[in-house]
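*Asks:* Here's my sequence, what's the structure:
(chains A, B, C and D)
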There are 2 protein chains.
Amino acid sequence: MRNAWEALADTTRREILNILKKGELSAGDIYDYFDITKPSLSHHLSVLKQANLVKADKRGQSIIYSLNLKGLNEVSNYIRGLKK
Amino acid sequence: MRNAWEALADTTRREILNILKKGELSAGDIYDYFDITKPSLSHHLSVLKQANLVKADKRGQSIIYSLNLKGLNEVSNYIRGLKK
DNA sequence: TTGTTAAATAATATATACTTTAATTAGTAT
DNA sequence: ATACTAATTAAAGTATATATTATTTAACAA
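*Replies:* Numbering: from 1, shown residues only, chains lettered A, B, ... in the order given. You can find the predicted model right below:
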């Protein structure tokens, strides 16, 4: 389990979230957007999942990723707490 | 110049922001809350400042730190963008 | 000027994080 | 069973971040 802050610190991971904003995608589809190796992408997806920033569902031999609001809410709440 | 995400990834730095929520403090005052060396704290304050998460004002021989909403807004805006 | 305090910078060591190649697991099809 | 595809895991190298000791700068006071 990892916290959302560590997960969001990396540019590639924030871009993954941007891409998933449009809708769910398989790991392979996400891979096409980047110029990194598959294990590296897999690592980033794992970090995002551990931080509850994405959900992963297995469909056949693919794994479909989508945004998870849970982790995003943690971040919003912290920021809101500082502002008020 | 550093981005807010990298700055917020570190626990000590997020705690510094929590402490500053109550009001402005000198570097020395902030130091008392932690069990790290002064140079290490100084580094963290520098990262927060570069990310526009804190403001630093020199008063006499002290430097007074306070929250800077600018960096916090960047973070909120990104999260809001993902949610909608 | 000398000494004292507050804080930052420099240099270095240690710890974490990211990336890669190679190997493995799980699902599907022939 | 064998082969193929999608994705992850393992091991190792590289890069980045954090922490420490030692040194330096700046403000103030005797």
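
*Asks:* residue contacts, the closest residue in space to A:Ile36 that isn't next to it in sequence?
*Replies:* Leaving aside its chain neighbours, A:Ile36 sits nearest to A:Thr12 (7.0 Å; criterion: C-beta to C-beta, 6 or more residues apart in numbering or on different chains). No exception for glycine: its C-beta is placed from N, CA and C like everyone else's. A:Thr12 makes contacts with A:34, A:36, A:41, A:44, as judged by C-beta atoms under 8 Å, 6 or more residues apart in numbering or on different chains.

*Asks:* ok, and which of those reach DNA strand C?
*Replies:* Restricting these to those within reach of DNA strand C (C-beta under 7 Å from any atom of the strand) leaves A:36, A:44.

*Asks:* Which entries within the contacts of A:Thr12 meet the buried criterion?
*Replies:* A:41, A:44 (16 or more other C-beta atoms under 10 Å in any protein chain shown).

*Asks:* Give me the neighbour count for A:Ala27.
*Replies:* 15 (other C-beta atoms under 10 Å in any protein chain shown).
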